[in-house]
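[1] Sequence plus predicted model, see below.
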Amino acid sequence: MTNWRYVGGAAGIQIQRPAVTAPFDNYVQMLFFVQALLVVLAVAISRYIQNSRIGRGLQALRDDELAAECTGVPTLRLKLIACVISGALMCAVGAPAAMYLQYADPGSAFNLNYSVTTLAMSLIGGTAHWSGPIIGAILLGTTQQFLTVTISSEVNVLVLGVMLVLFVVGAPEGIIGLVRKLRGNRKEGEA
């Protein structure tokens, strides 16, 4: 991407925003609506996958790949499907952000911070349920925005690292797993 002149190479490329359509007053409102629609679409797709044959295969693959392969689960096909779906959703979410900034360059588009933040949202919220990444995204996004406004944008990386370490060590199943564990302990205490 850095050497591809068609997309501007290392210098990047300027992007023209599309015209604002009738129900919206400005571009930010339109972008918010598009992003909210994409969130609903992503959650609907993940819920559908979780309850489908593909989801059961992915759960078997997560638990034990060799056992899943031995029972007839097409592990390679499921890995490819998961990769394609997650890549398509990430592209769909990233495109409006580039339109908002009106500029794209390889250094910012392929920044490792985006990938780590996305993975951290799922790990912090929990990967066992579809609502885990949503909870993680709200918690991490709110924390990062608060720190950017109050302290510095560079502190985000430090906070992200600390939160990842805390959740991986203290709550490896994320917030969802932590809530389930607390509920289980409470029910045992009552019985």
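    Yep, it's here.
[2] Give me the next element, helix or strand, following the longest helix along the chain.
    Identified as the longest helix of the chain according to DSSP state H is helix 75-101. As assigned by DSSP states H and E, the chain's next helix or strand after helix 75-101 is strand 103-104.
[3] partners of that next one in the sheet?
    strand 13-14 (antiparallel) (DSSP bridges).
[4] contacting residues around the strand it pairs with?
    7, 102-105 (CB atoms under 8 Å, 6 or more residues apart in numbering). (Each C-beta comes from the backbone N, C-alpha and C, glycine too.)
[5] right, and the helix or strand after the helix-or-strand element of the chain with minimal mean pLDDT?
    Lowest by mean pLDDT, DSSP states H and E among the helices and strands of the chain is helix 106-109, with a mean of 70. Sequence order places helix 112-125 as the next helix or strand after helix 106-109, per DSSP H and E.
[6] What residues of whatever helix or strand comes next after that next one count as buried?
    Later in the chain than helix 112-125, the nearest helix or strand by DSSP H and E is helix 131-150. Neighbour counts using 16 or more other CB atoms under 10 Å place 132-137, 140, 144, 147 of helix 131-150 among the buried residues.
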